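Chemist: Here you go, sequence then predicted model.
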Amino acid sequence: MGIRTRWQLLDPAVLRDKAWRTLKANWHLGFTAFGGPPVHFKILHDKFVNKLGWIDEQLYQELFSVSQAFSGPASTKMLYGINLIYEGTLSAVLAFLLWSLPGALGMLGLSIGVSNIGENLPAAVYALLSGLNASTVGIIALAAVQLSRKAITDKLTRLLVYLGACAGMLYNALWYFPLLIFLAGVATVVYDGRWLHGPVRAVARLVKRRRGQREAEAEVDGVEMQTGREQAHDASGDGQSIHVQSRDSNHSSTRGQAQSQLPVAEIPVSERQEEEARVIPADRRLNMSWKAGLLTIGLFLLSFIVIMVLRGVLETKSLLYSLFANLYLAGTIIFGGGPVVIPLLREYVVAEGWVSPRDFLIGLAIIQGFPGPNFNFAVYLGGLTAINAGYSVAAGAVIGYVGIFAPGMILCHGIMGVWSAIRGKPLVKSALRGLNAAAVGLIYTAVYRLWQIGYVDEGFGQGASLGNDPWWVVVTATSYVGGSWFGLSPPAAIVLGAVMGLIRYGIVSKG
């Protein structure tokens with residue numbers, strides 16, 4: 001797309017054409033994008049890079065890093081950013097609605113259904129839910145492997161993917177994930193800029209110099225001892241001793257000069273050449289100033305402060321306002337997307353006593369089999385919270401939808417404006433390599449955490465590890481192998497997992 005003036009962008013015919021292109025490209029994603037953020041990224045890559053060519057591979061990697069490095073729903077921000085760059089703000093908002101609303105409406109219906117069921121679910125339902133979780137783990141694991149192949153460009157990025165995955169599994173905190181991603185970006189900047197090469201070479205030069213001095217001193221001592229023994233042995237051989245001493249001294253001097261002339265380290269000239277700034281094509285530039293981006297970010301921060309202050313100082317406040325404030329806070333501080341939002345929503349909703357642990361786990365299992373963003377889980381929790389407190393289910397669902405999505409999407413819009421001004425800098429390009437690698441590593445963390453709570457049963461109020469039953473391991477492996485070797489699509493893999501869960505129920509119930 002070429003760059004248009006502001007007046008051309010407001011032309012009704014132009015707006016109609018852009019809306020039609022956006023609708024044509026995005027309408028089905030909200031119904032077919034199964035598997036959560038890791039799979040979503042692959043779907044978006046196949047759609048907008050390989051098929052439509054709206055963005056190139058470099059820009060995709062940039063958007064992927066930015067989406068993971070800041071708070072909010074990662075895959076949703078990726079979709080928003082792609083449409084924002086290609087068609088503009090209105091088309092990006094339309095794409096967001098097409099992407100998120102189908103799943104949100106489904107979760108609204110689920111909240112109504114769950115509110116009407118009894119205390120205990122049939123055993124077949126638990127088997128079905130566990131099958132959905134097991135197949136989803138396989139899909140996410142496959143997506144992580146495929147994204148790793150694109151993120152790994154050298155030994156450093158390979159190491160960062162590994163370290164990001166390990167660090168994410170070992171510890172979990174709100175500040176932890178963004179810190180890991182930031183440190184990975186710093187690591188690649190330092191490595192690409194060769195900031196440590198000078199100090200390392202200086203230390204190596206100092207060590208070699210001291211080693212050479214010790215060797216020279218040892219040689220001088222050896223020559224003196226040899227000369228003393230020869231003089232004491234026979235006075236008549238003085239001329240020959242002097243000749244030997246002179247020859248040895250000349251030889252030592254020659255070796256010392258040769259040693260001092262050896263290069264300490266070979267420094268290829270090509271490695272010292274600075275990278276040229278990346279040239280951004282005209283049809284890949286965002287028509288948005290960095291000042292507008294900063295203003296957007298500032299207005300959001302102001303709204304966040306006001307909402308949090310009221311949340312803390314108001315002694316008497318509506319349950320719906322408390323729900324909105326909690327979800328607005330969660331949407332602001334969540335880094336890493338869907339896999340991170342689940343435990344945080346548990347703390348902000350279940351711990352408040354608004355939704356029972358059992359209903360939370362039911363929704364958690366079913367959201368894995370739903371298309372669209374995992375942040376739609378907040379719609380389910382908002383609907384249940386409103387129903388349990390006697391409010392309208394629609395009001396709770398809307399509050400959940402706006403509260404969880406608004407912070408990340410507003411920040412995404414503002415950051416894209418700032419990003420448009422700095423994305424061509426070589427330093428930024430280096431940082432992106434590290435951000436991208438660490439973000440991919442954290443996807444393996446999502447695999448591990450869902451694996452640990454994916455087994456849903458009546459006796460497991462908090463969820464249990466899928467490894468407790470070999471059947472679920474087989475379901476996960478089937479999902480992975482089916483997608484990797486036989487081209488099984490994520491929706492088909494999820495359905496297959498649900499069927500295999502019911503098969504297990506049938507076998508166990510008859511046994």
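Modeler: Right, received. Where do you want to start? If you're wondering where the values come from, they're calculated on a predicted model, not measured in any experiment.
Chemist: Would you mind listing where the stretch 201-350 of the chain has pLDDT under the threshold?
Modeler: Scanning the stretch 201-350 of the chain for pLDDT under 70 picks out 219-287, 335-344.
Chemist: Check the stretch 1-150 of the chain too.
Modeler: Filtered on pLDDT under 70, the stretch 1-150 of the chain yields the residue ranges 1-10.
Chemist: residue boundaries of the helices in it?
Modeler: For the stretch 1-150 of the chain, the helices defined by DSSP state H, counting those that start in this stretch cover 6-9, 12-26, 29-32, 37-45, 57-69, 74-87, 89-114, 123-151.
Chemist: Show me which of those has the highest average neighbour count.
Modeler: Per residue and on average, the most neighbours among the helices of the stretch 1-150 of the chain fall to helix 74-87, with a mean of 26 (mean count of other Cβ atoms under 10 Å). In this view, the C-beta of every residue, glycine as well, is placed from N, C-alpha and C.
Chemist: Kindly calculate the angle that that helix makes with helix 57-69.
Modeler: Helix 74-87 runs at 140 degrees relative to helix 57-69, counting by axes from the mean of the first three to the mean of the last three Cα atoms, to 10 degrees.
Chemist: Only C-alpha atoms, please: export helix 74-87 in CSV.
Modeler: Listed next in CSV are the C-alpha coordinates belonging to helix 74-87 (Å, rounded to 0.1, in the frame of the first residue of the first chain):
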residue,chain,number,x,y,z
ALA,A,74,0.6,-10.9,22.3
SER,A,75,-1.0,-12.4,19.2
THR,A,76,-3.9,-9.9,19.3
LYS,A,77,-1.3,-7.0,19.2
MET,A,78,0.5,-8.7,16.4
LEU,A,79,-2.8,-8.8,14.3
TYR,A,80,-3.6,-5.2,15.3
GLY,A,81,-0.1,-4.1,14.3
ILE,A,82,-0.2,-5.8,10.9
ASN,A,83,-3.5,-4.2,10.0
LEU,A,84,-2.4,-0.8,11.4
ILE,A,85,0.7,-0.7,9.2
TYR,A,86,-1.1,-1.9,6.1
GLU,A,87,-4.5,-0.2,6.2
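Chemist: Could you list the buried residues of stretch 424-431?
Modeler: 428-431 (16 or more other Cβ atoms under 10 Å).
Chemist: any chance of those in JSON lines, plus distance to residue 458 and secondary structure?
Modeler: As requested, the buried residues of stretch 424-431 are exported to JSON lines (distance: Cβ to Cβ, whole Å; DSSP: H, G, I helix; E, B strand; the rest coil):
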{"residue": "428", "distance to residue 458": "52", "secondary structure": "helix"}
{"residue": "429", "distance to residue 458": "53", "secondary structure": "helix"}
{"residue": "430", "distance to residue 458": "52", "secondary structure": "helix"}
{"residue": "431", "distance to residue 458": "49", "secondary structure": "helix"}
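Chemist: so what's residue 394 scoring on pLDDT?
Modeler: Note on residue 394: pLDDT of 95.
Chemist: helices or strands next to the one helix or strand it maps to in the packing?
Modeler: Using DSSP states H and E, residue 394 sits within helix 393-422. Counting contacts by 3 or more Cβ pairs under 8 Å, 6 or more residues apart in numbering; DSSP states H and E, helix 393-422 is packed against helix 57-69, helix 74-87, helix 89-114, helix 290-313, helix 319-333, helix 377-388.
Chemist: Show me the one of those helices that comes nearest residue 30.
Modeler: Of all the helices and strands packed on helix 393-422, it is helix 89-114 that lies closest to residue 30, at 3.8 Å by Cβ to Cβ.
Chemist: related to what we said a few turns ago, mind putting the helices and strands packed on helix 393-422 into a markdown table with distance to residue 190?
Modeler: Formatted as a markdown table, those follow (distance: least, Cβ to Cβ, whole Å):
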| stretch | distance to residue 190 |
| --- | --- |
| helix 57-69 | 17 |
| helix 74-87 | 26 |
| helix 89-114 | 35 |
| helix 290-313 | 26 |
| helix 319-333 | 28 |
| helix 377-388 | 38 |
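Chemist: closest to residue 26 out of the ones you listed?
Modeler: Taking those one by one with Cβ to Cβ, helix 89-114 is closest: 4.5 Å.
Chemist: gap between that closest one and the chain center?
Modeler: Its chain's C-alpha centre and that of helix 89-114 lie 23 Å apart, by Cα atoms, centre = their mean, to the nearest Å.
Chemist: can you give me the helices for the stretch 401-511 of the chain?
Modeler: According to DSSP H, counting those that start in this stretch, the helices that the stretch 401-511 of the chain contains are 426-453, 470-485, 490-510.
Chemist: Tell me who's in contact with residue 414.
Modeler: For residue 414, the contacting residues are 292-297, 300, by Cβ atoms under 8 Å, 6 or more residues apart in numbering.
Chemist: Kindly supply the ChimeraX command isolating those of those residues that are buried.
Modeler: Restricted to buried positions by 16+ other Cβ under 10 Å, the ChimeraX selection for the contacts of residue 414 reads:
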select :293,296,297,300
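Chemist: tell me the contacts of residue 148?
Modeler: 161, 440.
Chemist: Now with 10 Å, please.
Modeler: Listed by Cβ atoms under 10 Å, 6 or more residues apart in numbering, the contact partners of residue 148 are 157-158, 161-162, 165, 437, 440-441, 443-444.
Chemist: Check residue 138 too.
Modeler: Contacts here follow Cβ under 10 Å, 6+ apart; on that basis residue 138 touches 35, 447, 473, 475-484, 488, 490, 493-494, 496-497.
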